[in-house]
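*Asks:* Pasting the sequence and the predicted coordinates here, then a few questions.
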Amino acid sequence: MEAVKGFLMNAQFIIMPILFSHFIFFRGIYIEGSQKKRMYIFTMTSIISIILCMSFPVHLGSFIFDLHLIPLLLGILYGGKKGGFITLGVIVFYRFILGGGIGAYITIFETVFVLLITMPLVKRIRSSNVLQRIAYSSSICISPLIIGYIISLFILDNPPHLLVLGLCFITILTLGMVFIIIDIMSERYKYFNAVRKSEKLEVVSQLAASISHEVRNPLTVTKGFLQLLNGDEEDLKKKSYIELALNQLNDAEVIISDYLTFAKPEGSDGTTIQLHKEISYVLSVLRPLANHYSVSINSQMISVDIQGDVSKFRQCFINILKNCLEAMPDGGTLNLSTYLMGDTVFVKIQDSGIGMSEEQLKRLGEPYFSTKTKGTGLGMMVSFSVIRSLGGTVNVESVQNEGTTFVIGFPYLTCLDELA
């Protein structure tokens, strides 16, 4: 009974720091902070759990047990490689503070074993569902116990059968509770981010709809009178000022048009878009910019028809491809291909540019957010809005200093390559 209480206390030492960090840092760091900060928090949480578990182990005769392998595994999974090695170092250091001997060397063996097994499986475990994560993690944490138990069968007259069985059960139970809590935290984090983003986009949409006529009408009148003055003006200095004012008015009209496109995107209007021809047109328009940045463009497309507004379609792809080219200021390669999957045609755009961090990727498409120094973020915001209005989807993956990949899907009408 005392052993059960001790193991349950260890489980509490693991779960409580996770909950505490979640409630304390949720709004301040989980939403606004970077992925690196969250990794530091998880590493610190794992260290606290390790120290508490090792400070209050379960004593059964000459055997000493605790659940320090669980926070070690969590530190590796969610704290990254650095977090894994830090938690390993804490376990070894603290174990020798508590006392050396054969127990310390067994602890070192267990921790190194878990580290070496977990490191290659981090991506697989993190991308799997809850049950799979529990199965993978339980197998890793229980393996040293099973190995120790098998060895004890040969060197001990009375091996701890029930103790090992109970410890395995407590380990699986604790891991189950931990991963369920982490899943709930992740879903809450995604929910709050989605609500925050939708609220911001709703504000922009309402703002665009409310000010469109009020701002556009005086701009049109002002632009018309300036054009009249520009035609009659003979003073070159005044003429240059008028031309500058006209250019600025044109820029203002473009921004307002972008807002209006986002607020009221034009969807399918019955027009058939020949995907390959329109993308080829956009590439021909951007070819001089690609030459300026020393970027080579490789394209491989199939003949597919979709439905929508041609001008908005062109605007969407000009914005995306222009951003890809500008992400390669020192040259590179832009690969564009189209392929079918089910009733959807996908356009894959891949550059070899500077890429984006995880935080930048999450905010891509938000108004007023741009990775460029003088960008407004409206181009990508409008592009995503146009894609959605055409019934399409967009998925973006990016790695810093390696490049960015856009995969855009549209429901298609016909595929000429299939008919041929």
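*Replies:* In hand now; what should we look at? In this text the structure is predicted, and so the values were computed from the model without any measurement. Residues are numbered from 1 along each chain as shown.
*Asks:* all helices for the stretch 51-200 of the chain, in order.
*Replies:* Taking DSSP state H, counting those that start in this stretch, the helices of the stretch 51-200 of the chain run over residues 69-98, 102-118, 122-127, 130-155, 161-232.
*Asks:* The second one versus helix 69-98: what angle between them?
*Replies:* It refers to helix 102-118. If you take axes from the mean of the first three to the mean of the last three C-alpha atoms, to 10 degrees, helix 102-118 sits at 150 degrees to helix 69-98.
*Asks:* Touching helix 102-118 from outside, list them.
*Replies:* For helix 102-118, contacts defined as C-beta atoms under 8 Å, 6 or more residues apart in numbering pick out 64, 68-69, 72-73, 76-77, 84-85, 88, 91-92, 95-96, 125, 140-141, 143-144, 148. Placement of C-beta: from N, CA and C, glycine included.
*Asks:* Work out the gap between it and the centre of the chain.
*Replies:* A distance of 33 Å separates the centroid of the chain from that of helix 102-118, by C-alpha atoms, centre = their mean, to the nearest Å.
*Asks:* Below-threshold pLDDT in the stretch 51-200 of the chain: ranges please.
*Replies:* Within the stretch 51-200 of the chain, the segments meeting pLDDT under 70 span 60-63, 156, 159-160, 193-200.
*Asks:* Give me whichever of the helices of the stretch 51-200 of the chain is most buried.
*Replies:* Ranked by mean neighbour count, these are led by helix 69-98 with a mean of 21 (mean count of other C-beta atoms under 10 Å).
*Asks:* Determine the angle, from 0 to 180 degrees, between it and helix 130-155.
*Replies:* 40 degrees.
*Asks:* Renumber starting at 38 from here on
*Replies:* Yes, from this point I'll number from 38; that puts the last item at helix 106-135.
*Asks:* other SSEs contacting helix 106-135?
*Replies:* helix 39-62, helix 72-92, helix 139-155, helix 159-164, helix 167-192, helix 198-269 (3 or more C-beta pairs under 8 Å, 6 or more residues apart in numbering; DSSP states H and E).
*Asks:* how about these in a markdown table, adding distance to residue 447?
*Replies:* Shown next, in a markdown table, are the helices and strands packed on helix 106-135 (distance: least, C-beta to C-beta, whole Å):
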| stretch | distance to residue 447 |
| --- | --- |
| helix 39-62 | 39 |
| helix 72-92 | 31 |
| helix 139-155 | 41 |
| helix 159-164 | 27 |
| helix 167-192 | 33 |
| helix 198-269 | 22 |
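*Asks:* out of those, which comes closest to residue 398?
*Replies:* Distances from residue 398 to each of these were compared using C-beta to C-beta; the minimum, 10.2 Å, belongs to helix 72-92.
*Asks:* contacting residues around that closest one?
*Replies:* Residues from elsewhere that reach helix 72-92 (C-beta under 8 Å, 6+ apart): 47, 50-51, 54-55, 58, 62, 66-67, 103-105, 107-109, 111-112, 115-117, 119-120, 123-124, 127-128, 131-132, 135, 394-396.
*Asks:* How far does that helix sit from its chain's centre?
*Replies:* 23 Å.
*Asks:* Distance of the nearest residue to residue 56 once chain neighbours are set aside relative to residue 166?
*Replies:* Distances taken as C-beta to C-beta, 6 or more residues apart in numbering place residue 218 nearest to residue 56, at 6.7 Å, with adjacent residues excluded. Separation of residue 218 from residue 166 (C-beta to C-beta, to the nearest Å) stands at 15 Å.
*Asks:* now do residue 78
*Replies:* In this view, residue 78 and residue 166 are 24 Å apart by C-beta to C-beta.
*Asks:* higher neighbour count, these two?
*Replies:* When residue 78 and residue 166 are compared for neighbours, residue 78 comes out ahead with 21 against 10, by other C-beta atoms under 10 Å.
*Asks:* hang on, residue 451 in a helix?
*Replies:* No. Assigned with DSSP: H, G, I helix; E, B strand; the rest coil, residue 451 falls outside any helix and is strand.
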